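1. Pasted the sequence and its predicted model underneath.
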Amino acid sequence: MTRIVVRAPATSANLGPGFDAAAVAFELWNEVVVTDANGAEPDYEHLGVRAFARFAQPERFSFAFSDNIPRERGLGSSASVVALGLVAGAVAAGVDPGPDELLAEGLPLEGHPDNLAAALVGGVTLTWDGRIARIADDMPAAAVAVVPRERVNTAAARAALPDAVPLADAAFSAGRAALLGAAVATGDPALFSASAADRLHEPYRAVHAPHLLAIRDDLPAGALGATLSGSGPTVIVWAEKEQAGAVAVALADRFPEHDVLHLPVSITGAAPV
């Protein structure tokens, strides 16, 4: 009797200036349970089932997905579902593809390598040219997510980005991206705080996350900076690790209409349990 259980984590992409390249996995999980077919046809349009089909025949199985990651909030819900399907399909097929192969199989479905990379391998990741590098197990700061009830469609948010930006803005973000890499590599909170700004995508997406600017203009005590999570509207407020609880309380008091979540970094990506 077949029973495959796989979990995959939430993610936050970009981390400010690491546009389409940097991401981190969080301890918030989607799950799928795959069993032998029960007579009902699987939903072949489901993103996870389509990912499963990259390795195994879905008609032989039944699928039960548990969605705990908020959808269309910038926390990588679709990447998590794709990662679930890929890993479960590989298990069902009896194969053991590496992370880069899983990324290649999932990209036609997900489209965003940064989120999918972190969902597959956990930790803090960089992705480029179809490759994944896991560069750290943790961030230099604790993540406190401010999650609005409103949703943002990723495709629509990307369509709002310009085809070109001023040279000064490109140089600004390139410098902050270098700071981000150095901060993660060294675990330096001061460098990380200096990196938490962007001019390539955040200014154009902030219209759907007005609390990003409000938070940046008045950071809670103990906060190092704030970044838009993926295409938003969730904002990640990065706190000194010993101050994460107090920062979460302050944000919950300030934004009672939003969900405020302390999200530890997950050192594991999508995997059978």
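-> Thanks, I have it. Numbering: from 1, shown residues only.
2. CA-only coordinates of the lowest-mean-pLDDT helix or strand in the chain in PDB, if you can.
-> None of the helices or strands of the chain scores lower by mean pLDDT, DSSP states H and E than helix 154-159, at a mean of 75. What follows is helix 154-159 as a C-alpha-only set of coordinates in PDB (Å, rounded to 0.1, in the frame of the first residue of the first chain):
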ATOM      1  CA  THR A 154       2.100  37.600  -8.600                       C
ATOM      2  CA  ALA A 155       1.700  37.900 -12.400                       C
ATOM      3  CA  ALA A 156      -0.100  41.300 -12.000                       C
ATOM      4  CA  ALA A 157       2.500  42.500  -9.600                       C
ATOM      5  CA  ARG A 158       5.300  41.600 -12.000                       C
ATOM      6  CA  ALA A 159       3.500  43.300 -14.800                       C
END
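3. contacts for the helix or strand just after that helix?
-> As assigned by DSSP states H and E, the chain's next helix or strand after helix 154-159 is helix 167-186. Helix 167-186 is contacted from outside by 15-19, 21-22, 124, 126, 135-136, 139-140, 188-189, 191-192, 194-200, using C-beta atoms under 8 Å, 6 or more residues apart in numbering. Bear in mind the C-beta positions are built from the backbone N, C-alpha and C, glycine included.
4. Repeat the analysis, applying 6 Å as the threshold.
-> With contact meaning C-beta atoms under 6 Å, 6 or more residues apart in numbering, helix 167-186 is reached by 17-18, 124, 135-136, 140, 191-192, 194-195, 197-200.
5. The helix or strand that that helix is followed by - contacts with which helices or strands?
-> Downstream of helix 167-186, the next assigned helix or strand under DSSP H and E is helix 189-195. Contacting helix 189-195 under the criterion 3 or more C-beta pairs under 6 Å, 6 or more residues apart in numbering; DSSP states H and E are the following elements: helix 167-186, strand 223-228.
6. For the contacts of helix 167-186, which single residue is the most surrounded?
-> Among the contacts of helix 167-186, residue 195 has the most neighbours (other C-beta atoms under 10 Å), with 28 neighbours.
7. Just the buried positions in stretch 160-170, please.
-> residue 165 (16 or more other C-beta atoms under 10 Å).
8. Using PDB, write out every CA atom in that stretch.
-> Output of stretch 160-170 as PDB, limited to C-alpha atoms (Å, rounded to 0.1, in the frame of the first residue of the first chain):
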ATOM      1  CA  ALA A 160       3.600  46.500 -12.900                       C
ATOM      2  CA  LEU A 161       7.500  46.500 -13.000                       C
ATOM      3  CA  PRO A 162       9.100  48.800 -15.600                       C
ATOM      4  CA  ASP A 163      11.200  47.500 -18.400                       C
ATOM      5  CA  ALA A 164      14.100  49.900 -17.400                       C
ATOM      6  CA  VAL A 165      15.100  51.800 -14.300                       C
ATOM      7  CA  PRO A 166      17.400  54.800 -13.900                       C
ATOM      8  CA  LEU A 167      21.100  54.000 -13.700                       C
ATOM      9  CA  ALA A 168      21.200  55.500 -10.200                       C
ATOM     10  CA  ASP A 169      18.500  53.100  -9.000                       C
ATOM     11  CA  ALA A 170      20.200  50.100 -10.600                       C
END
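9. Now do it, average pLDDT.
-> Computed over stretch 160-170, the mean pLDDT rounds to 92.
10. for stretch 130-148, same thing?
-> So the average pLDDT for stretch 130-148 ends up being 97.
11. gap between that stretch and the chain center?
-> Here the centre of stretch 130-148 is set off from its chain's centre by 8 Å, with C-alpha atoms, centre = their mean, to the nearest Å.
12. And that stretch, end to end?
-> Chord length of stretch 130-148, first to last residue, is 32 Å (C-alpha to C-alpha, to the nearest Å).
13. repeat for stretch 134-143
-> Using C-alpha to C-alpha, the span of stretch 134-143 from its first residue to its last is 18 Å.
14. ok, now stretch 153-163?
-> Start-to-end, stretch 153-163 (C-alpha to C-alpha) is 19 Å.
15. which residues touch the residue nearest to residue 157 when sequence neighbours are not counted?
-> Once flanking residues are discounted, residue 157 sits nearest to residue 231: 3.5 Å by C-beta to C-beta, 6 or more residues apart in numbering. Residues counted as contacts of residue 231 (C-beta under 6 Å, 6+ apart) are 74, 152, 154, 157, 205.
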